[in-house]
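# Have a look at this prediction, sequence included:
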Amino acid sequence: MNNLTKARRIAAAAMALMTACAAGITSAQAAPQGDPAPQGEPARYGPGAPGSGDPYFPSAGNGGYDVLHYDLDLRYSPPSDPAVPAGKLTAEATITLRATQNLDALNFDLRGLAVTAVDVDGKDVNHGAGPSDWTQVQDDASRTWELTVGLRPKLKAGQKAAITIDYGGTTGRPEDTTGALYGWVTTADGAMVVSEPDGAPTWYPVNDDPEDKATYSFHITVPEGKTAVANGLPGGKPETKAGWTTWTWEARDPMASYLATASIGDFTLSYGKGPHGLPIINAVDRGVTGPALEKTNAALALQPQMIAFLSDLFGPYPFEAFGAIVDDDSVDYALETQTRPVYSEVADEDTVVHELGHQWFGNSVSPADWKDIWLNEGWATYIQWLWAEHQGKSTVAKQFTDTVADLDSKNLWGLNIADPGRDNLFAEQVYHRGAAALHALRAKIGDQAFFAGAKEWLDRYSNSSATTEDFENVMEEASGRQLDAFFNDWLREGDRPAMP
Ligand code: ARG
Ligand code: ZN
């Protein structure tokens, strides 16, 4: 499910490929990118682009197709020695997609795992046997991790195909470009799976572009006694055979690839209900005990109230379920994995409402490019302020003043949060200047236009993705004001903006 705003990116993706080739990488992609056919002739067939052209992650995502559904069959052995973080993953992914151009080959992103077989619509694609083969490029230096699948018969624009990929390997603890743990993070008792921004390829072959949302089915087979938790709702009871248990989860709401999870551990599951009967499923690691467990239980007990509070402000909760995965291991942060955020060691009230806020801002409406990240983190932080006020802990006005004072004292106005740079996606400015910008906007245009604009934004781009410019346009429409100078001052300029 793809809103197809990518034509502008083809050039960038081609550039990225040329760079990869210059770096000495050979790939089936080296053929020229589908030349446009002369007027009146049918379009030619060519390979899909190996990247979606995100300026920060040029080889993430791929061109030429739109994924409809991922069916992920994962078998995982957690580390045999808890002190050595190496697990074993053996998997089969079936990816149902629709071609958006005439294709003779297409790519998936897959990092650090070896493919053993590929078939297209049930037909084996022999490795190295001719035009309908597949190849893998794994180049850590250029961050190019591509699986290229040749297509014979070729796939015409608009046609669907189901591509099945068998793959696997030893799992470790992957890091993002800043050195933070992410992706399939092997833990002592299983795995914590948190893939923002480009970690999804560490565990499944994917079109790793937040603009290409899809539905997911997960079948996760783990040693009996372990619990596997993914997004969405259980697809039946876990089934145990010969010491292995298969957990099935179905995520029926369209989801960006970085928001998928399949976390495994010694979890205790509990089932509750939120407003209008919304299923809430929490998984808490049995290693979370004492004060961390008390804090976690208290925060998770507030989830129904938080959902009701945010639904009043922003419209109905956007998905089929909610809940939490609280691991006793840590990646040092929490992630808003769709319908079921993952927490490190403890889930505190502030973090729970932040990750819940992301279900509207970030998950239902996702960033079109990674540079639009402030739309996720600014809103989720602002939602923490709103909740703290609702709970009588502090006012939004005071949190705004304190935040501005903090940005002043740390001299943090220099960063353009509407294009913070690849390694500043999660810098504190993105969160705090972002939230302050939203509050300044509210002060400028008034509560009525601000909340009407927020609802319009969520309505117009739900299950989709959008840019900072799209957000500015919605807010200009909602308020009937020209806000270019305002947004430049609050998001982009290197100086402290004038206070509202
Ligand atoms: N979106 C997460 C949050 O604010 C943070 C993710 C950090 N990811 C990373 N790779 N450092 O809740
Ligand atoms: Zn966040």
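That came through, no problem. Ligands and ions are numbered 1, 2, ... in the order given.
# quick one, what contacts Leu412?
Leu412 makes contact with 406, 428-429, 432-433 under the criterion CB atoms under 8 Å, 6 or more residues apart in numbering. All C-beta atoms are positioned from the backbone trio N, CA, C, and that covers glycine.
# Could you do Leu293 as well?
Residues near Leu293 by CB under 8 Å, 6+ apart: Val284.
# Let me know the helix or strand that it is in.
helix 290-301 (DSSP states H and E).
# what do you get for His354?
His354 belongs to helix 349-360 when assigned by DSSP H and E.
# Please pull up the helix or strand immediately following that helix.
Per DSSP H and E, helix 349-360 leads on to strand 365-367 as the next helix or strand towards the C-terminus.
# how about that following strand against ligand 2, any contact?
No. Residues of strand 365-367 contacting ligand 2 under CB under 5 Å from the ion: none, with a closest distance of 11.8 Å.
# Contacts for that strand, please.
For strand 365-367, the surrounding residues in contact (CB under 8 Å, 6+ apart) are 210-211, 213, 256, 373, 375-376, 457-458, 461-462, 464-467.
# Same check on stretch 486-498?
Residues from elsewhere that reach stretch 486-498 (CB under 8 Å, 6+ apart): 374, 404, 407-408, 413-414, 416-419, 433, 436-437, 440-441, 444, 468, 472.
# If we use 10 Å, what do you get?
Stretch 486-498 is contacted by residues 374, 378, 404, 407-408, 411-420, 433-434, 436-441, 444-445, 468-469, 471-472, 475-476, 479, 483, 485, 500 when judged by CB atoms under 10 Å, 6 or more residues apart in numbering.
# returning to what we had before: buried residues, the helix holding Leu293. List them.
Neighbour counts over helix 290-301 (16 or more other CB atoms under 10 Å) mark 292-293, 296, 299-300 as buried.
# Switch those residues over to a markdown table; also include pLDDT and distance to Ala86.
Shown next, in a markdown table, are the buried residues of helix 290-301 (pLDDT from 0 to 100; distance: CB to CB, whole Å):
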| residue | pLDDT | distance to Ala86 |
| --- | --- | --- |
| Ala292 | 98 | 27 |
| Leu293 | 98 | 29 |
| Thr296 | 98 | 28 |
| Ala299 | 98 | 33 |
| Leu300 | 98 | 31 |
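# Let's have the residues you listed in TSV, adding distance to Thr246.
Below are the buried residues of helix 290-301 laid out as TSV (distance: CB to CB, whole Å):
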residue	distance to Thr246
Ala292	30
Leu293	28
Thr296	28
Ala299	31
Leu300	26
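# Just the closest of those residues to ligand 1, please.
The nearest member of these to ligand 1, counting by CB to the nearest ligand atom, is Ala299 at 14.3 Å.
# check contacts around whichever residue of the stretch 201-350 of the chain sits closest to ligand 2.
Closest contact between the stretch 201-350 of the chain and ligand 2, by CB to the ion, is at Glu336 (6.1 Å). Applying CB under 10 Å, 6+ apart, we find Glu336 in contact with 194, 196, 258-259, 342, 351, 354-359, 361-363, 376, 380.
# next one: stretch 409-421 to chain centre, how far?
Remark: stretch 409-421 is offset 23 Å from the chain centroid, using CA atoms, centre = their mean, to the nearest Å.
# Average pLDDT for it, rounded please.
Across stretch 409-421, the average pLDDT comes to 98.
# Sort out which residues of it are buried, please.
Buried-residue list, stretch 409-421, by 16+ other CB under 10 Å: 412-413, 415-420.
# do the same with stretch 313-323
Buried residues in stretch 313-323, counted by 16+ other CB under 10 Å: 314-315, 317-323.
# circling back to that earlier point, now the helix holding Leu293 - C-alpha only, PDB.
The C-alpha coordinates for helix 290-301 follow below in PDB (Å, rounded to 0.1, in the frame of the first residue of the first chain):
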ATOM      1  CA  GLY A 290      10.300  -5.300  42.400                       C
ATOM      2  CA  PRO A 291       9.900  -1.500  41.900                       C
ATOM      3  CA  ALA A 292      10.200  -1.800  38.100                       C
ATOM      4  CA  LEU A 293       7.300  -4.200  38.000                       C
ATOM      5  CA  GLU A 294       5.200  -2.000  40.300                       C
ATOM      6  CA  LYS A 295       5.800   1.000  38.200                       C
ATOM      7  CA  THR A 296       5.100  -0.900  35.000                       C
ATOM      8  CA  ASN A 297       1.800  -2.400  36.300                       C
ATOM      9  CA  ALA A 298       0.700   1.100  37.500                       C
ATOM     10  CA  ALA A 299       1.400   2.600  34.100                       C
ATOM     11  CA  LEU A 300      -0.100  -0.200  32.100                       C
ATOM     12  CA  ALA A 301      -3.300   0.000  34.200                       C
END
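# Could you identify the helix or strand that succeeds it?
helix 303-314.
# just the angle between that next one and helix 290-301, please?
Counting by axes from the mean of the first three to the mean of the last three CA atoms, to 10 degrees, helix 303-314 lies at 40 degrees to helix 290-301.
# Does anything pack onto helix 303-314? Which helices or strands?
When contacts are defined as 3 or more CB pairs under 10 Å, 6 or more residues apart in numbering; DSSP states H and E, helix 303-314 sits against strand 267-273, strand 279-285, strand 322-327, helix 349-360, helix 374-390, helix 447-460.
# what about the fourth one, distance to the chain center?
Here the centre of mass of C-alpha atoms in helix 349-360, compared against the chain's by CA atoms, centre = their mean, lies 15 Å away.
# Pull that helix out as CSV, backbone CA atoms only.
Below are the C-alpha coordinates for helix 349-360, written out as CSV (Å, rounded to 0.1, in the frame of the first residue of the first chain):
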residue,chain,number,x,y,z
GLU,A,349,3.7,6.4,32.7
ASP,A,350,5.4,9.2,30.6
THR,A,351,6.8,6.7,28.2
VAL,A,352,3.5,4.7,27.9
VAL,A,353,1.5,7.8,26.9
HIS,A,354,4.3,8.9,24.5
GLU,A,355,4.3,5.5,22.7
LEU,A,356,0.5,5.5,22.7
GLY,A,357,0.5,9.0,21.2
HIS,A,358,2.7,7.6,18.4
GLN,A,359,-0.2,5.3,17.3
TRP,A,360,-1.9,8.4,15.9
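# Can you list the buried residues in that helix?
For helix 349-360, the neighbour count (16+ other CB under 10 Å) marks 349, 351-360 as buried.
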